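Novice: What follows is a predicted structure for the sequence shown.
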Amino acid sequence: MIDLSKYRDPKLIQRIVEDLQNWNKPIKIMEVCGSHTMAIGHWGIRKLLPKNISLISGPGCPVCVTPSSLIDELIKMKNITIATFGDVIRVPGKDETLEHARARGLDVRIVYSPLEALEMAKEKETIFVGIGFETTIPGIAQTILMAKQQKLHNFSVFPAFKLVPPALEALLSADDIKLDGFLLPGHVSVIIGSESYVLLPEKYNIGGVVTGFEPLDILT
């Protein structure tokens, strides 16, 4: 088991916070990922920072930005099993959620892995709702390859993935958003590599730091 205590050292946290008091220039930093937002809230990091340093929450959770039209399309599907991660069933469509549709008879099933949906497809046509950032895509892609290898034609994926670099570019292209830098998600960056962010300094003259989710990761 990994010892995380060194990333939560109160004395080192205090020293970094004291050093930040010497920074007088106003600065706005956006944390892109919802996991960073949760960590910042959990560790009370905003309260530790001087008033001139602002942390702004960014796109966050890919489920939360799922358009209602996608849910409506799923609800229209008949004679098919809809397999999805649990947090998707409460995303509102125009008139109802998948949870409401399930209550009136739509075959919606919660799974913890796309592999579960693959097993369901052996009995009935199944569509897996593919929602997530780059961290989710490889596992789903592997499941698609497995379906092909097994010659399983009853399995499909409804793609609704979100990619971090295009989201950053959309934010920076907006006239009403002024930022000085980004906290970039470590887990996504393991998948796509730090070179995916070169557009930040090269095109927009703005920096970003790939970091983890412990308090010292974020503060440093």
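Specialist: Thanks, I have the structure now. Numbers count the residues shown, from 1 in each chain.

Novice: what about the nearest residue to residue 212 once chain neighbours are set aside, how many neighbours?
Specialist: Excluding the flanking residues, the one nearest residue 212 by CB to CB, 6 or more residues apart in numbering is residue 186, at 4.5 Å. No exception for glycine: its C-beta is placed from N, CA and C like everyone else's. By the criterion of other CB atoms under 10 Å, residue 186 has 16 neighbours.

Novice: Does residue 46 lie in a helix or a strand, and which?
Specialist: Element membership of residue 46, judged by DSSP states H and E, is helix 45-48.

Novice: what packs against that helix?
Specialist: helix 215-219 (3 or more CB pairs under 8 Å, 6 or more residues apart in numbering; DSSP states H and E).

Novice: from the chain's centre, how far out does the helix it packs on sit?
Specialist: Centre-to-centre, helix 215-219 and its host chain are 19 Å apart (CA atoms, centre = their mean, to the nearest Å).

Novice: Only C-alpha atoms, please: export that helix in PDB.
Specialist: Extracted as PDB, the C-alpha positions of helix 215-219 are listed here (Å, rounded to 0.1, in the frame of the first residue of the first chain):
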ATOM      1  CA  PRO A 215      -2.700  18.700  -1.000                       C
ATOM      2  CA  LEU A 216       1.000  19.000  -1.600                       C
ATOM      3  CA  ASP A 217       0.600  18.000  -5.200                       C
ATOM      4  CA  ILE A 218      -1.900  20.900  -5.700                       C
ATOM      5  CA  LEU A 219      -0.100  23.500  -3.600                       C
END
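
Novice: Against which helices or strands is that helix packed?
Specialist: helix 10-20, helix 34-42, helix 45-48.

Novice: what's the domain layout of the chain?
Specialist: 24-61+164-219, 68-159 (automatic domain parsing).

Novice: any idea of the mean pLDDT in the first one?
Specialist: Read that as domain 24-61+164-219. The average pLDDT for domain 24-61+164-219 rounds to 92.

Novice: Now do the end-to-end distance for it.
Specialist: Using CA to CA, to the nearest Å, the end-to-end distance of domain 24-61+164-219 comes out at 16 Å.

Novice: Same question for stretch 2-18.
Specialist: Distance between the two ends of stretch 2-18: 28 Å, counting by CA to CA.

Novice: related to what we said a few turns ago, I figured the residue nearest to residue 212 was touching residue 209, is that so?
Specialist: No: using CB atoms under 8 Å as the test, residue 186 is too far from residue 209 to be in contact (9.9 Å).

Novice: follow-up on the earlier one: now for the residue nearest to residue 212: which residues touch it?
Specialist: Residue 186 makes contact with 210-213, 217 under the criterion CB atoms under 8 Å, 6 or more residues apart in numbering.
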